[in-house]
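Undergrad: With the sequence up front, the predicted model follows.
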Amino acid sequence: MLAGRQLRAALTGLALGALTLTTLQGTATAATDTPVATSTHTARTSPVASIEAATARALARSLAEPAWQRQMAEAAVANKDVDLLALTAKSGAKRVKDFRTTLAEAEADVAEAKGLGKGAPSLLRVSLAGQKVTESALATTAPLVASAPADDDAKTIVAYDSAGKAHELDAAKTPDRPVYLVGVDGQKALAAGLKVVDEELAAKGIGTPATDEAHALSTADSGFWTTRIQSISVGDVQEPWFKGDAEIFTLVTGFGTDGKVRVDTVTMPYLDDENTTYYPNQILVNWSNYKYNLADAVIMEDDGDTNYSSLAKALAAVLLTITDQGAYIPLVDAIIDAMPTSWWTDDPDYVDSFYTLARETTGTRAGAAANARMTVDRYYVSAL
């Protein structure tokens, strides 16, 4: 995920280097002791990171069960990300059942922290990091278990072994032994979160489904024009080894056909690597939804603690104060102003913004923060 930033064009990342692992202060510490500091400066409080850390400690203890350790090794080698809740359902060991109870509570806490409400999908995952290893070797290695700290600039990461002892890993260097990383499935959380945003904004009358449905019927016979992303690249998507892929989304804003401000959410799951050009041929703006031939786009990223319900409420509180004056009004600044200061740390990070995209806009555009660059064309979606 993109490193935390505060509306700046020049962004920084951690350089990956050689492999290093040290034991905390030369002596392993019990997991029940005070957690090891993950940075030389004051760490930011992160509800989701705290849940992930507690889950990592519980998972580490559960791996003292040999059969479960082998099961985990098999799953981790075979899959990039392992659904912990689903995997624990396949084991009958008491230690695993106890862990599953803890895990179920953690899942509920994550859903609440991210504002996803009831019915959220299982989100906690485990992946294998560090030195590559075979399944048979992994089953007998007893890897450490860690989670990503809230602070992208953390110097160290706390990991736990099956005896409940804490170890300190260098955050800037990939470890020289296998490490299980516990985290949230970002793409699942993003999909569920943007659904919450859409529903809550619709409830406030911002781009309501009823309006969309009626307008869709009126354009069904004729088709509609769109702005399509032919290619896009984003600078500084580099992440330290303990972070997963970026979860990028875009808020497209303008005035709907009813004259009210509307927000359309667009996911960009392919945007993972920095300075890499992607060719998604993805529709960014459906112009049949807008009154004017101008719209704005704000590219953001979920960096962990995004509470989507709070995001929707913050957006609505600001956007509902803006009325149609008979001419297009750029809305990028209103969206940025809606974000609390704390959200520019490890919450929905600002990536870049594109002001006044026109229906006739084609060619390559650089974002206002010079961090994103995209080439767009006009694309007509014909009726069936």
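TA: Received, thanks. Numbering: from 1, shown residues only.

Undergrad: Hmm, Gly186 and Ala148 touching each other?
TA: No: Ala148 lies out of contact with Gly186 (C-beta atoms under 8 Å); the separation is 11.0 Å. C-beta: built from backbone N, CA, C; applies to glycine.

Undergrad: Please say which of the two ends up with more neighbours.
TA: Taking neighbours as other C-beta atoms under 10 Å, Ala148 and Gly186 compare with Ala148 leading, 29 against 25.

Undergrad: and the gap between the more buried one and Asp109?
TA: Ala148 sits 17 Å away from Asp109, going by C-beta to C-beta, to the nearest Å.

Undergrad: what do you get for Leu311?
TA: When Leu311 is compared with Asp109 (using C-beta to C-beta), they lie 19 Å apart.

Undergrad: okay, the two: which has more neighbours?
TA: Set Leu311 next to Asp109 and count neighbours by other C-beta under 10 Å: Leu311 wins out with 27 against 17.

Undergrad: tell me the SS of the more buried one?
TA: Following DSSP: H, G, I helix; E, B strand; the rest coil, we place Leu311 in the helix state.

Undergrad: Could you do Ala139 as well?
TA: helix.

Undergrad: Ala76 is in contact with that one, correct?
TA: No: at 10.0 Å, Ala139 does not count as touching Ala76 under the criterion of C-beta under 8 Å.

Undergrad: more crowded one of those two?
TA: Neighbours were counted for Ala139 and for Ala76 using other C-beta under 10 Å; Ala76 has more, 23 against 19.

Undergrad: And that one, how close does it get to Thr134?
TA: 11 Å.

Undergrad: got it, and Lys90?
TA: 21 Å.

Undergrad: chain center to stretch 55-62: distance?
TA: Relative to its chain's centre, stretch 55-62 lies at 23 Å (C-alpha atoms, centre = their mean, to the nearest Å).

Undergrad: what's next to that stretch, contact-wise?
TA: Contact partners of stretch 55-62, identified using C-beta atoms under 8 Å, 6 or more residues apart in numbering, comprise 31, 68, 84, 95-96, 98-99, 102-103, 106, 124, 126, 144-147, 159-162, 164, 180, 182.

Undergrad: Could you check how many residues crowd around Tyr180?
TA: Neighbours of Tyr180 (other C-beta under 10 Å): 25.

Undergrad: Measure how buried the nearest residue to it once chain neighbours are set aside is and give me the count.
TA: What sits nearest to Tyr180 in space, not counting adjacent residues and going by C-beta to C-beta, 6 or more residues apart in numbering, is Val145, at 4.5 Å. Neighbours of Val145 under the rule other C-beta under 10 Å: 24.

Undergrad: Thr321 too?
TA: 9.

Undergrad: Please tell me how far it sits from Asn307.
TA: Distance from Thr321 to Asn307, by C-beta to C-beta: 22 Å.

Undergrad: partners of the residue nearest to Tyr180 in the sheet?
TA: Beta-bridge pairing for Val145 (DSSP bridges): Tyr160, Tyr180.

Undergrad: where does the chain dip in pLDDT?
TA: 1-45, 152, 207-221, 236-245, 303, 340-348 (pLDDT under 70).

Undergrad: where exactly do the helices run in it?
TA: 47-62, 66-78, 84-88, 94-113, 135-141, 186-203, 209-219, 308-319, 332-338 (DSSP state H).

Undergrad: Reformat those helices as CSV; add distance to Gly119.
TA: Below are the helices of the chain laid out as CSV (distance: least, C-beta to C-beta, whole Å):
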stretch, distance to Gly119
helix 47-62, 19
helix 66-78, 25
helix 84-88, 14
helix 94-113, 9
helix 135-141, 35
helix 186-203, 9
helix 209-219, 19
helix 308-319, 13
helix 332-338, 26
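
Undergrad: is it true that Tyr160 touches Ser147?
TA: No: counting by C-beta under 8 Å, Tyr160 does not reach Ser147; the two are 9.6 Å apart.

Undergrad: Give the full set of residues in contact with the nearest residue to Ala104 once chain neighbours are set aside.
TA: In space, and not counting its chain neighbours, Ala104 is closest to Leu85: 7.0 Å by C-beta to C-beta, 6+ apart. Counting by C-beta under 8 Å, 6+ apart, Leu85 makes contact with Arg100, Leu103, Ala104, Glu107, Ser122, Leu124.

Undergrad: Which among these count as buried?
TA: Neighbour-count burial (16 or more other C-beta atoms under 10 Å) applied to the contacts of Leu85 gives Arg100, Leu103, Glu107, Ser122, Leu124.

Undergrad: isn't the second one right next to Ala89, touching?
TA: So the one you mean is Leu103. No: at 10.2 Å, Leu103 does not count as touching Ala89 under the criterion of C-beta under 8 Å.

Undergrad: Which segments of this structure make up each domain?
TA: Following automatic domain parsing, one gets these domains for the chain: 21-184, 187-381.

Undergrad: Make a ChimeraX selection of the buried ones in the contacts of stretch 55-62.
TA: To isolate the buried members of these in ChimeraX, using 16+ other C-beta under 10 Å:
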select :31,68,84,96,99,102,103,106,124,126,144,145,146,147,159,160,161,162,164,180,182
